[in-house]
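[1] just a sequence and a predicted model for now, questions to come.
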Amino acid sequence: MIRKELESLVNEEFLNRNAKKDYESERQMAFYLHRKFFENQDIHVLNNLYIKTLDGKGFFQIDHLIVTKYCFVIVESKTCNSHLRFDKNLQWSCFQQTNNKWIGTKSPMVQAEMQGDALRSVLQENRVALRSHFLNKQGGFLTMPIHTLVAISDSGIIDYSTSNEEYCKNSSANEIE
């Protein structure tokens with residue numbers, strides 16, 4: 001069941017080129033999640049969430065959050081229109097075709113894990129108010145599994161030959177059909 005659809009662009013003229021590309025990656029993933037889960041009453045998908053931090057001084061954004069009574073899954077969408085790789089230290093880089101070179105990028109896995117930590121803190125802080133939404137059995141969220149996934153745009157290719165082999169072995173290679 002889709003609980004929060006991805007909003008359409010409000011005013012394209014104010015978005016820069018990268019923001020448009022990022023939106024397209026998020027739109028692709030929202031489409032795939034919708035296709036997979038829209039009829040499932042036990043799985044809830046929330047797209048493009050902005051959640052206020054506990055200190056009240058800022059927000060964190062989650063591209064896609066899949067909620068079940070057993071776990072949460074954060075899906076971080078990334079735009080890459082060419083090759084993507086990560087090294088033994090999990091430093092990510094994307095091949096920039098216009099300059100014919102590799103450009104370093106922030107690790108989307110680290111980003112998603114930080115979002116998971118922030119989400120857990122917010123849920124735990126609000127556990128009393130949220131209990132009714134989790135079958136009145138959830139004492140808290142400290143042990144609730146929060147899984148993280150990274151989804152790259154359809155046109156992106158992960159270059160496993162130069163990537164961290166151990167990390168690749170431990171990562172799920174499943175795709176949403």
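    Sure thing, it's come through.

[2] is it true that R85 touches S93?
    Yes: if you go by CB atoms under 8 Å, R85 and S93 touch, sitting 5.8 Å apart. Heads up, the C-betas are built off the backbone N, CA and C, glycines and all.

[3] which neighbours do these two have in common?
    W102 (CB atoms under 8 Å, 6 or more residues apart in numbering).

[4] run through the residues that contact V75.
    Neighbours of V75 in contact, by CB under 8 Å, 6+ apart: M29, L33, D63, H64, L65, I66, A112, L149, V150, A151.

[5] and what of R120?
    F141, L142, M144, I146.

[6] what is the most widely separated pair among those residues?
    Taking CB to CB, the two most distant members of those are L142 and I146; they sit 10.8 Å apart.

[7] more neighbours, the two?
    Comparing L142 with I146 by other CB atoms under 10 Å, the one with more neighbours is I146, at 18 against 10.

[8] where does this protein dip in pLDDT?
    1-22, 88-90, 132-138, 160-177 (pLDDT under 70).

[9] need the nearest residue in space to I158, chain neighbours excluded.
    L84 (5.2 Å; CB to CB, 6 or more residues apart in numbering).

[10] pretty sure the one you found is in a helix, no?
    No: secondary structure of L84, determined by DSSP: H, G, I helix; E, B strand; the rest coil: strand, with no helix assignment.

[11] quick one: the longest helix seen in the chain to chain centroid distance?
    Counting by DSSP state H, the longest helix found in the chain is helix 17-37. Using CA atoms, centre = their mean, to the nearest Å, the mean C-alpha position of helix 17-37 is found 11 Å from that of the whole chain.

[12] in that helix, what counts as buried?
    Burial within helix 17-37, assessed by neighbour count using 16 or more other CB atoms under 10 Å, is assigned to 21-30, 32-33, 37.
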